[in-house]
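Student: just coords:
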C-alpha cells in the first residue's frame, strides 16, 4: 500500500513538471494522445484565469469561410469542427481537435470565461496560431492558418484579452 501511494505521488509530480504528461482536453483528445491524425494539438498559454470553458474551432482556410457561421458551413458541406473543454484548475492546457484530412485549415481559440457560449468582448479571450497581436480589427485568415500533415500537428496559442483602447493583446 505504501509503495502504491509513493508511486502515485511520483507520477503526479512528474505530470505537473512535464507537459508531455499533461492531460489532453476535449472530446477529440484520443486523436492526439494516440499519435494518429490528422489532428491539431494546441497548447494554450497566457490564460487570464482558470474559469469557464475553452473552445477550439476548425474552419476552411479561405477568406470566404473563415469565421463564417457554423450552420452555413455545415449546410454547404464545408469543413467545420468545434471542441469544448472546461478550463483545468492548474497545469498545462492542451486541446486536441481532429481534422478531416491533411491540408491547410484555420483555427480559432476562445476562452469563454462566463460559460455562456457567447463571446463577451469585454471579458473573454481569443487566440490564433500565429500569436500576432490581434488589436482592434477583425482577425486575418493568415493569423489562423495551420498546415496539418498525416499525424498530429502541434501549435502554441497565446490567449489575448481586451487591454484598453489598443484592443486585444497578450497579458504578459
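Tutor: Perfect, thanks for sending it. Since the model is a prediction, treat every value here as computed from it, not as a measurement. Numbering: from 1, shown residues only.
Student: in the protein, which spans are helices?
Tutor: All helices of the chain, identified by DSSP state H, fall at 2-17, 29-33, 70-75, 141-144.
Student: among those, which gets the worst mean confidence?
Tutor: Lowest mean pLDDT within the helices of the chain: helix 2-17, a mean of 45.
Student: Scan this structure for its longest strand.
Tutor: Criterion DSSP state E: the longest strand present in the chain is strand 103-112.
Student: Return the mean pLDDT over it, rounded to an integer.
Tutor: 97.
Student: Can you tell me which helices and strands that strand packs against?
Tutor: In terms of contacts (3 or more CB pairs under 8 Å, 6 or more residues apart in numbering; DSSP states H and E), strand 103-112 is packed against strand 39-45, strand 53-60, strand 125-127, helix 141-144, strand 145-148, strand 152-158. For glycine as for every other residue, the C-beta is placed from the backbone atoms N, C-alpha and C.
Student: how about the closest residue to residue 33 other than its chain neighbours, what does it touch?
Tutor: In this structure, residue 33 finds its nearest non-sequential neighbour in residue 24, 5.3 Å apart by CB to CB, 6 or more residues apart in numbering. Contacts for residue 24 (CB atoms under 8 Å, 6 or more residues apart in numbering) come out as 32-33, 41, 94-96.
Student: Pull out the buried residues from those residues.
Tutor: Buried members of those, scored by 16 or more other CB atoms under 10 Å, are 32, 41, 94-96.
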